[in-house]
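# Structural data only, the sequence is not supplied:
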């Protein structure tokens, strides 16, 4: 169980997206969480309470701050 979601986290959900991808990038965190499929780029918003117990944290996107 993940207790905190942060922008840039990569999470894995148990059910795959219709494109076949299971990993998602967190784009926005609030009452709803905006996720982007890593495989096809589709964006969805899911209530935090629905994915709080199902998601597994995979990693975090590294952002180059020298730009």
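Arrived safely, thanks for sending. Because the structure is predicted, anything quoted here is derived from the model rather than measured. Numbers count the residues shown, from 1 in each chain.
# what are the ranges of the helices in the chain?
Secondary structure of the chain (DSSP state H): helices located at 48-51.
# low-scoring pLDDT stretches of it, where are they?
The model of the chain has pLDDT under 70 over residues 1-2, 63-67.
# quick one, strands of it?
In the chain, the strands defined using DSSP state E lie at 9-12, 23-29, 32-37, 43-47, 56-60.
# Quick one: these as a markdown table, columns for distance to residue 3 too.
Every residue, glycine included, has its C-beta placed from N, CA and C. Below are those laid out as a markdown table (distance: least, C-beta to C-beta, whole Å):
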| stretch | distance to residue 3 |
| --- | --- |
| strand 9-12 | 12 |
| strand 23-29 | 12 |
| strand 32-37 | 13 |
| strand 43-47 | 16 |
| strand 56-60 | 10 |
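# Same list, those, but as TSV with mean neighbour count please.
Formatted as TSV, the strands of the chain follow (neighbours: other C-beta atoms under 10 Å):
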stretch	mean neighbour count
strand 9-12	18
strand 23-29	18
strand 32-37	19
strand 43-47	12
strand 56-60	13
